[in-house]
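Student: Here is a sequence together with a model predicted from it:
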Amino acid sequence: MRDKTSTKSKLTATEFAQLPETLIPRELIHGELIEMSAPKNRHQDIVLNIAVFLRDYTRQHGGKAVIAPMNVFLDEFNVVQPDVFWVHPESDRCMLGQDDWWHGAPDLVVEVFSTSTTRHDRVVKFRLYEQFGVREYWMIDPENGLIEIWGLQNHKFVGLGIYEKGDEFISVALNHKKILVDDLLG
């Protein structure tokens, strides 16, 4: 959902970084400041499930799991705040900078749809994540209980499947780990 007070002139990532700290979800997309509504409880339940799952995975295999709000600087005009993301322990494409924010494409990004963000996550952020080289993108539809998995192959996202409760899938980014949908959706 675009805020009615969005800027008319482009902001840079440097200018975006100088904005006051807030818990209001906001991103810089193609130089435009986008502010979103706070998520609902079901959204946050799923985000927490995924964060706990990735924290447990990270304890065994390394890497870093991060939840929103956390800035990920893709380039000078695109700063996103994925609901959850994971960075491989040997990643050279996404690193924590001296500014204590992440720079580059995470290995795994998870977006949980909200009524106001579904199109943004499905179209705008999908294209950005593909363009900047996110290895795997999970789009979660809490309303319908679905997880849609996309993997990067030859610089393009390829649909790897749509899964519902009772299903399991394999995460290539997480070293071909088998994951039960029920563990993520609760």
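Tutor: Perfect, thanks for sending it. Numbers count the residues shown, from 1 in each chain.

Student: Can you show me the helices along the chain?
Tutor: Taking DSSP state H, the helices of the chain run over residues 13-17, 41-61, 118-119, 125-132, 181-185.

Student: Out of those, the one nearest Leu174 is which?
Tutor: In terms of Cβ to Cβ, the element of those nearest to Leu174 is helix 41-61, at 6.1 Å. Glycine gets a C-beta too; all of them are placed from N, C-alpha and C.

Student: Against which helices or strands is the closest one packed?
Tutor: strand 64-67, strand 84-87, strand 108-112, strand 136-141, helix 181-185 (3 or more Cβ pairs under 8 Å, 6 or more residues apart in numbering; DSSP states H and E).

Student: Pairing partners for the longest one, with directions?
Tutor: Read that as strand 136-141. Strands that pair with strand 136-141, judged by DSSP bridges, come out as strand 108-112 (parallel), strand 146-153 (antiparallel).

Student: ok, back up a step: columns mean pLDDT and distance to Lys165 on top of the helices and strands packed on helix 41-61, output as a markdown table?
Tutor: Putting these into a markdown table (pLDDT from 0 to 100; distance: least, Cβ to Cβ, whole Å) gives the following:
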| stretch | mean pLDDT | distance to Lys165 |
| --- | --- | --- |
| strand 64-67 | 98 | 23 |
| strand 84-87 | 98 | 19 |
| strand 108-112 | 98 | 15 |
| strand 136-141 | 98 | 12 |
| helix 181-185 | 97 | 5 |
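
Student: wait, which of the ones you listed is closest to Asn78?
Tutor: That would be strand 108-112 among the helices and strands packed on helix 41-61, by Cβ to Cβ, at 13.2 Å.

Student: the inter-axis angle of the closest one versus helix 41-61?
Tutor: Per axes from the mean of the first three to the mean of the last three Cα atoms, to 10 degrees, the angle that strand 108-112 makes with helix 41-61 is 160 degrees.

Student: Show residues contacting strand 108-112.
Tutor: 39, 43, 46-47, 50, 54, 82-86, 117, 121, 125, 129, 134-140, 142, 171, 173-174 (Cβ atoms under 8 Å, 6 or more residues apart in numbering).
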